[in-house]
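Enquirer: here is my input, please return the structure:
(one chain, ligands or ions: 1)
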Amino acid sequence: MIDSVYLDHNATTPMRPQAIAAMAEVMHAVGNASSVHTFGRAMRARVDRARATVATLVGAKAADIVFTGGGTEANNTVLQGAGRRRVVISAIEHDSVRLATDGAVVVPVTADGVIDLDALSHLLAASSEPGLVSVMLANNETGVIQPVADVVRIARTAGALVHCDAVQAAGKIAIDMTALGVDYLTLSAHKLGGPQGVGAVVLRPGVPFTAGQRGGGQERGRRAGTENTAGIAGFGAAATVAAEALSSSAALAVLRDKMEHDLAQVAPDAQIFGGGTSRLPNTSCVAMPGVAATTQLMALDLAGVAVSAGSACSSGKVKPSHVLAAMGATESEAASALRISLGWTTTADHVGRFVGAWSDLYRRLSPASRPATAAA
Ligand code: PLP
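Expert: Numbers count the residues shown, from 1 in each chain. You can find the predicted model right below:
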């Protein structure tokens with residue numbers, strides 16, 4: 001049997017062996033990180049080692065990392081715990097930001113999928129109430145990188161705090177929390193080779209932050225509950241590997257760019273969302289006009305290639321992409337878009353197999369590839 005090809009790394013990427021080893025080591029040990037005896041202190045040391053490596057990945061201090069149960073929890077906690085009632089978000093944020101508060105003001109994006117900075121300035125100037133601005137570092141569907149440092153500059157003039165969801169960017173591009181200037185940053189372990197169900201909020205020292213859940217004093221009172229020590233250890237190990245592997249991102253971009261070039265050769269009408277702007281090196285969002293993404297997805301799955309359709313929601317059903325709609329895509333354009341996301345296990349052969357299967361499909365199903373019906 002031919003091995004399947006996995007090109008859905010933005011949904012989740014395979015765990016790094018070092019992360020699995022770190023988790024196994026913790027699972028063979030015993031101890032609650034809050035206990036004062038030797039076992040507890042050894043467990044606390046593991047958590048603190050992971051805290052230091054996660055902090056290093058984003059240029060922060062270990063004391064400013066708050067471990068959470070994933071990216072969704074981290075986003076919700078910041079949006080509800082920053083103490084600002086007025087929340088301003090971009091139109092392409094992940095649902096864990098969009099649905100975290102009611103009544104957020106939404107800033108449009110350009111056709112390339114980049115936040116409209118003029119619109120942000122105007123929206124912030126429209127109210128004297130200091131708010132919280134939440135803008136992601138890179139979009140999960142298109143990979144488009146957002147001008148977060150510019151967002152911070154504009155937000156500061158309006159006295160606003162800034163949160164940045166860096167879930168998709170971490171491990172794919174270098175992140176320096178200080179250079180970005182944001183107050184809060186969100187991370188998720190499973191997008192960078194760690195386990196699912198672990199994430200972090202990274203705080204700028206001194207920013208307002210109310211814990212999302214109350215109970216014990218874990219995480220310096222910023223997130224109650226016994227720590228997921230195995231998960232945190234896996235996150236820490238994955239963060240170390242991800243930081244070392246950042247230099248191989250350029251090779252991924254070469255694979256992705258060749259893939260897009262090859263698709264365009266076969267299908268001149270294929271549309272690449274955000275293709276004209278700065279993107280993550282691993283992500284491509286491609287529409288095959290006139291062919292439903294669900295049809296493409298199933299045919300590719302049968303051919304042994306796993307990709308994703310626009311935005312797949314948690315129930316596994318495909319819903320219209322708010323990201324592509326915000327970029328001005330028509331309903332039918334958005335409904336024919338696939339997300340192909342490469343990762344650390346991706347080879348040139350994998351990409352070649354995707355291009356082959358996608359091209360076969362295009363020749364069979366695309367209206368543009370069928371010969372025009374001769375006039376009667
Ligand atoms: N933010 C972005 C941009 C994401 O892509 C995701 C997951 O797809 C999340 C947040 C949620 O992270 P988690 O799966 O850890 O809850």
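Enquirer: so what touches stretch 46-64?
Expert: 22, 26, 29, 33, 65, 67, 166, 170-171, 175-179, 185, 187, 200, 202-205, 220, 227, 229, 232-233, 235-237, 239-240, 242-243 (CB atoms under 8 Å, 6 or more residues apart in numbering). Backbone N, C-alpha and C define where each C-beta goes, glycine included.
Enquirer: mind listing what's buried in that stretch?
Expert: 46-47, 49-51, 53-55, 57-58, 60-61, 64 (16 or more other CB atoms under 10 Å).
Enquirer: most proximal residue of the stretch 1-150 of the chain with respect to the ligand?
Expert: Gly71 (2.5 Å; CB to the nearest ligand atom).
Enquirer: leaving out sequence neighbours, find the closest residue to that residue.
Expert: Leaving aside its sequence neighbours, Gly71 sits nearest to Ser188 (CB to CB, 6 or more residues apart in numbering; 3.3 Å).
Enquirer: what's around that neighbour, how many residues?
Expert: Applying other CB atoms under 10 Å, we find 28 residues neighbouring Ser188.
Enquirer: how much space between it and the ligand?
Expert: 3 Å (CB to the nearest ligand atom, to the nearest Å).
Enquirer: mind listing what that residue touches?
Expert: Residues in contact with Ser188, defined by CB under 8 Å, 6+ apart, are 70-71, 74, 167, 170, 198-199.
Enquirer: just the ones in helices from those residues, please.
Expert: Taking DSSP state H as the definition of helices, the contacts of Ser188 contribute 71, 74.
Enquirer: if any of the contacts of Ser188 are buried, put those into a ChimeraX selection.
Expert: In ChimeraX, a selection of the buried entries from the contacts of Ser188 looks like this (16+ other CB under 10 Å):
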select :70,71,74,167,170,198,199
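Enquirer: what would the contacts of Ser188 look like in a markdown table with pLDDT?
Expert: Output for the contacts of Ser188, formatted as a markdown table (pLDDT from 0 to 100):
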| residue | pLDDT |
| --- | --- |
| Gly70 | 98 |
| Gly71 | 98 |
| Ala74 | 98 |
| Val167 | 98 |
| Ala170 | 98 |
| Val198 | 98 |
| Gly199 | 98 |
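Enquirer: for the contacts of Ser188, give me TSV that also has distance to Arg370.
Expert: Shown next, in TSV, are the contacts of Ser188 (distance: CB to CB, whole Å):
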residue	distance to Arg370
Gly70	45
Gly71	43
Ala74	48
Val167	41
Ala170	43
Val198	49
Gly199	47
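Enquirer: measure stretch 283-302 end to end?
Expert: End-to-end distance for stretch 283-302: 22 Å, by CA to CA, to the nearest Å.
Enquirer: ok, back up a step: among the contacts of stretch 46-64, which ones are in strands?
Expert: Counting by DSSP state E, the part of the contacts of stretch 46-64 found in strands is 65, 67, 185, 187, 200, 202-203.
Enquirer: which among those residues count as buried?
Expert: Among the ones in strands among the contacts of stretch 46-64, those classed as buried by 16+ other CB under 10 Å are 65, 67, 185, 187, 200, 202-203.
Enquirer: just the closest of these to the ligand, please.
Expert: Leu187 (8.7 Å).
Enquirer: the ligand contacts on the stretch 1-150 of the chain?
Expert: 70-72, 75, 94, 96, 136, 140 (CB under 6 Å from any ligand atom).
Enquirer: report the two of these separated the most.
Expert: Gly70 and Met136 (15.6 Å; CB to CB).
Enquirer: so what's the nearest residue to Glu93 once chain neighbours are set aside up against?
Expert: What sits nearest to Glu93 in space, not counting adjacent residues and going by CB to CB, 6+ apart, is Met136, at 5.8 Å. Residues in contact with Met136, defined by CB under 8 Å, 6+ apart, are 90, 92-94, 97, 146, 164-169.
Enquirer: cool, Glu129 as well?
Expert: Contacts of Glu129 by CB under 8 Å, 6+ apart are 85-86.
Enquirer: the one 5 residues further on now?
Expert: If a contact means CB under 8 Å, 6+ apart, then Ser134 has 75, 78-79, 87-90, 93, 97, 104, 162-165 as its contacts.
Enquirer: make a markdown table from the ones in strands among the contacts of stretch 46-64 and add pLDDT to it.
Expert: Output for these, formatted as a markdown table (pLDDT from 0 to 100):
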| residue | pLDDT |
| --- | --- |
| Ile65 | 98 |
| Phe67 | 98 |
| Leu185 | 98 |
| Leu187 | 98 |
| Ala200 | 98 |
| Val202 | 98 |
| Leu203 | 98 |
